[in-house]
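[1] All I have is the shape, not the residue letters:
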């Protein structure tokens with residue numbers, strides 16, 4: 001059936017990447033709205049972090065698929081970077097830079113920030129049971145969002161930088 005519908009396993013893989021890419025494109029449209037919004041930058045960053053987690057929770061297989069593909073250099077990683085990762089970095093970078101200029105985020109490479117935040121989100125979602133075991137309390141998606149906002153914004157949510 002794979003050969004019939006996709007030509008090969010590689011064709012199936014490319015179809016999955018395209019499906020992931022199309023879903024990611026929808027998320028990026030929402031991100032563009034956040035980037036262009038006139039809301040306080042800290043509020044927009046919090047909304048972006050929330051939407052990142054929501055998107056990953058909505059498609060649990062996405063996390064493991066992307067992490068596996070990114071783990072090894074080669075054609076598959078390159079394809080995923082070009083179809084999904086690069087557009088995400090490029091779309092979010094203006095907001096990262098704005099937040100750094102406003103003093104809401106520390107100045108660092110926006111690519112490192114973006115990939116690090118994505119990595120943090122995926123790791124948290126993959127290891128909620130470990131967090132519960134080591135931390136002594138179960139964390140739901142709302143708890144993860146709150147913790148990520150605190151980590152990322154250091155108390156800036158809801159405040160306009162002075």
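    Received the coordinates, thanks. Predicted, not measured: the structure shown is a model, and the values here were computed from it.

[2] Who are the packing partners of the helix or strand bottoming out on mean pLDDT in the chain?
    Counting by mean pLDDT, DSSP states H and E, the chain has its least confident helix or strand at helix 2-6, which shows a mean of 71. Packing contacts for helix 2-6, counted by 3 or more Cβ pairs under 8 Å, 6 or more residues apart in numbering; DSSP states H and E, involve helix 9-36. Using the backbone N, CA and C atoms, a C-beta is placed for each residue, glycine as well.

[3] Quick check: buried residues in the helix or strand that comes right after the helix it packs on?
    Once the chain leaves helix 9-36, the next helix or strand it forms, by DSSP states H and E, is helix 41-58. Buried residues in helix 41-58, counted by 16 or more other Cβ atoms under 10 Å: 41-50, 52-53, 55-56.

[4] Nearest to residue 63 among these?
    Closest approach to residue 63 among the buried residues of helix 41-58 (Cβ to Cβ): residue 56, at 5.6 Å.

[5] ok, the closest one touching residue 121?
    Yes - between residue 56 and residue 121 there is a contact under Cβ atoms under 8 Å: 5.7 Å.

[6] Dead centre of the protein: give me the residue that sits there.
    Geometric centre of the chain, nearest residue: residue 118, 3.9 Å, by Cα atoms, centre = their mean.

[7] quick revisit: what distance separates the least confident helix or strand of the chain from the middle of the whole chain?
    Remark: helix 2-6 is offset 31 Å from the chain centroid, using Cα atoms, centre = their mean, to the nearest Å.

[8] Check stretch 139-156 too.
    14 Å.

[9] So what touches that stretch?
    Residues from elsewhere that reach stretch 139-156 (Cβ atoms under 8 Å, 6 or more residues apart in numbering): 42, 45-46, 49-50, 53-54, 57, 104-105, 117, 120-121, 124-125, 128, 131-132, 157.
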